[in-house]
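1. have a look; sequence and predicted model below, questions after that.
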Amino acid sequence: MRYDFNFYNPTKIYFGKDSLSHLEDELAHYGKNVLFVYGGGSIKKIGLYDQVMEILKKAKKSVVELSGVMPNPTYKKMMEGASLVEQHHIDFILAVGGGSVIDCAKGISVAAYQENPWKKYWIDNEEVKHTTVPVGSILTMVGTGSEMNGGSVITNEEEKLKKGRVFDQNVYPKFSILNPTYTFTVSKYQMLSGIFDIFSHLMEQYFSNDDDNVSDDLMEALMHSLIKNTYKAVENPLDYEVRSNIEWISTLALNGLTKVGKTQDWQVHSIEHQLGAYTDCAHGMGLAAISTPYYRFIMQYAPYKFAKFAKEVFRIPSENKDEQTLAKLGIDALANFIKEVGMCTTLKELGATKEMLPLIANSTDLGGGYHDLAREEVLQILEACYE
Ligand code: NZQ
Ligand code: ZN
């Protein structure tokens, strides 16, 4: 492990078909006033809303609801929640939904009682020194890892900026309930979007540095397992074992475990966030479209790592192949995987127009793993996957 690290993750996970049975005991640790945060109605369709309400009632909580949290949650929606927290003296926030709902709940917990929280915490990245309202989650859609991390990605529609902020352990969910059967009703499109989000989280952490890091070994295993389970999930979305494998890979991929002792990249996410700010596309589908041209471009700076990726993740035989050839075959296999399972490959199908490309490139945060991209290079990558 090349770099020193501290690792601490305080989120308690309840995983499996019976995991909701732990909610009542968890609620007992918090005060009476609960803000129940959810999205556009999927939790009502699957009967989870009624089940949660019943448990809240049994626990004698006074419940205030914030519904309608949209995919790519907006600053306005988050502030609506923050004012409910202040108005009703909320003691605990319960988020039930996908990454957008959980991110919004964490954002509310930080933003309540604060002046201009957008600038302080999402633009200036100020440390959170005040006491935040505790959050717990029940996950219904897999991909972001929000159930076990401090991430809160919020879109400021007026400023056309989508910004991810990673808060420290105080803002992590206190507990998260993961029942893979809740994910059975997620559409194929959203399931695949979530799956590519997981894959991208692993690649963003994997493609940096050339040391012999156990974090990389772990990620190779997770990526390989994800590919295997994705083909099975496309074939049979109701296979519990498959969906539970994908759910746990998702949590492990962004709960801090796989990034320790190494540097990371996150350039694909930065580009996607601005793509999302302009198009409101599904996060994982945006990542899927951008990834192939990005990695084809970056490969020249670290062919050894891309060759390792080909060999260990896609299990491409390495005999009689030089490093460059193997590296290229790995990216071809990635492109093939994206196409074969039905993920998006162009920005056009995600709602982008040609005129948006320079605007997206100019507002993307620049950084990188093996190579810091220049703005013109971001534009080249966007143009390469436009149509
Ligand atoms: O709103 P409802 O009706 O619940 O419908 C949602 C939504 O339309 C639906 N859905 C969720 N569970 C369902 C379901 N439909 C049927 N059955 C169910 N069981 O799925 C749609 C998408 O949900 P959303 O929460 O937006 O998806 P996801 O989990 O992919 O979250 C995306 C957001 O998370 C951010 C993304 O940028 C994006 O804003 N991210 C958060 C991260 C973090 N916290 O660490 C990291 C990620 O890289 C990512 O940036
Ligand atoms: Zn992501």
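-> Now that the structure is in, tell me what you want to look at. Ligands and ions are numbered 1, 2, ... in the order given.
2. which parts of this structure sit against ligand 1?
-> Applying C-beta under 6 Å from any ligand atom, one finds that the chain approaches ligand 1 through 39-43, 46, 71-72, 97-101, 103, 140-141, 143-146, 149, 151, 153, 164, 182-183, 185-186, 190, 193-194, 197, 254, 269, 283-284. Just so you know, the C-beta spots here come from the backbone N, C-alpha and C atoms, and that holds for glycine as well.
3. narrow those to those in strands?
-> Per DSSP state E, strands hold the following members of the residues of the chain next to ligand 1: 97, 151, 153, 164.
4. please report how far the last one lies from residue 234.
-> Shown here: residue 164 relative to residue 234, a distance of 28 Å by C-beta to C-beta, to the nearest Å.
5. ditto for residue 375
-> To residue 234, residue 375 is 37 Å away according to C-beta to C-beta.
6. ditto for residue 220
-> Look at residue 220 and residue 234: by C-beta to C-beta, they are 22 Å apart.
7. all helices for the stretch 51-200 of the chain, in order.
-> Secondary structure of the stretch 51-200 of the chain (DSSP state H, counting those that start in this stretch): helices at 75-87, 99-111, 117, 188-206.
8. helices or strands up against the longest helix belonging to the chain?
-> Assignment by DSSP state H gives helix 214-235 as the longest helix of the chain. Applying 3 or more C-beta pairs under 8 Å, 6 or more residues apart in numbering; DSSP states H and E, one finds that helix 214-235 contacts helix 188-206, helix 240-253, helix 303-312, helix 323-341.
9. pull the distance from that helix to the chain's centre.
-> Its chain's C-alpha centre and that of helix 214-235 lie 16 Å apart, by C-alpha atoms, centre = their mean, to the nearest Å.
10. run the angle between it and helix 240-253 for me.
-> Orientation of helix 214-235 against helix 240-253 (axes from the mean of the first three to the mean of the last three C-alpha atoms, to 10 degrees) gives an angle of 150 degrees.
11. can you give me the buried ones in helix 214-235?
-> 215-216, 218-220, 222-223, 226-227, 229-230, 233-234 (16 or more other C-beta atoms under 10 Å).
12. of all those, which comes closest to ligand 1?
-> Using C-beta to the nearest ligand atom, residue 233 is the member of these that lies nearest ligand 1, at 14.2 Å.
13. pretty sure that closest one sits against residue 188.
-> No: in terms of C-beta atoms under 8 Å, residue 233 does not count as a neighbour of residue 188; the distance is 9.1 Å.
14. burial measure for the spatially closest residue to residue 22 that is not a sequence neighbour, as a count.
-> Nearest residue to residue 22, sequence neighbours excluded (C-beta to C-beta, 6 or more residues apart in numbering): residue 14, at 4.6 Å. Residue 14: 18 surrounding residues under other C-beta atoms under 10 Å.
15. check contacts around residue 14.
-> Going by C-beta atoms under 8 Å, 6 or more residues apart in numbering, residue 14 touches 22, 175, 176, 177, 178.
16. may I ask which of those has the most neighbours?
-> residue 177 (26 neighbours).
17. taking the mean pLDDT, what do you get for stretch 323-330?
-> In this model, stretch 323-330 carries a mean pLDDT of 98.
18. report the closest residue of the stretch 201-350 of the chain relative to ligand 1.
-> Relative to ligand 1, the nearest point of the stretch 201-350 of the chain is residue 283 (3.8 Å; C-beta to the nearest ligand atom).
19. next up, the contacts around that residue.
-> With contact taken as C-beta under 8 Å, 6+ apart, residue 283 is in contact with 71, 72, 99, 143, 144, 153, 193, 197, 272, 276.
20. most neighbours among those, which one is it?
-> residue 143 (31 neighbours).
21. and stretch 347-354, end to end?
-> With C-alpha to C-alpha, to the nearest Å applied, stretch 347-354 spans 9 Å between its terminal residues.
22. what mean pLDDT does it have?
-> Across stretch 347-354, the average pLDDT comes to 98.
23. could you do stretch 186-201 as well?
-> In this model, stretch 186-201 has a mean pLDDT of 98.
24. begin at 683 from now on, thanks
-> Yes, from this point I'll number from 683; that puts the last item at stretch 868-883.
25. which residues touch it?
-> Here stretch 868-883 makes contact (C-beta under 8 Å, 6+ apart) with 780-781, 822-827, 865, 905, 908-909, 912, 915-916, 919, 928, 931-932, 935-936, 950-951, 964-967, 969-970, 973, 1020, 1023-1025.
26. pull that stretch out as PDB, backbone CA atoms only.
-> Taking C-alpha atoms only, stretch 868-883 is exported to PDB below (Å, rounded to 0.1, in the frame of the first residue of the first chain):
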ATOM      1  CA  VAL A 868     -36.500  -1.100 -11.300                       C
ATOM      2  CA  SER A 869     -36.700  -0.800 -15.100                       C
ATOM      3  CA  LYS A 870     -34.100  -2.500 -17.200                       C
ATOM      4  CA  TYR A 871     -32.800   0.900 -18.300                       C
ATOM      5  CA  GLN A 872     -32.300   2.100 -14.700                       C
ATOM      6  CA  MET A 873     -30.900  -1.300 -13.600                       C
ATOM      7  CA  LEU A 874     -28.300  -1.000 -16.400                       C
ATOM      8  CA  SER A 875     -27.600   2.600 -15.500                       C
ATOM      9  CA  GLY A 876     -27.000   1.600 -11.900                       C
ATOM     10  CA  ILE A 877     -24.800  -1.300 -12.900                       C
ATOM     11  CA  PHE A 878     -22.600   0.900 -15.100                       C
ATOM     12  CA  ASP A 879     -22.300   3.400 -12.300                       C
ATOM     13  CA  ILE A 880     -20.900   0.700 -10.100                       C
ATOM     14  CA  PHE A 881     -18.400  -0.300 -12.900                       C
ATOM     15  CA  SER A 882     -17.400   3.300 -13.300                       C
ATOM     16  CA  HIS A 883     -16.800   3.800  -9.600                       C
END
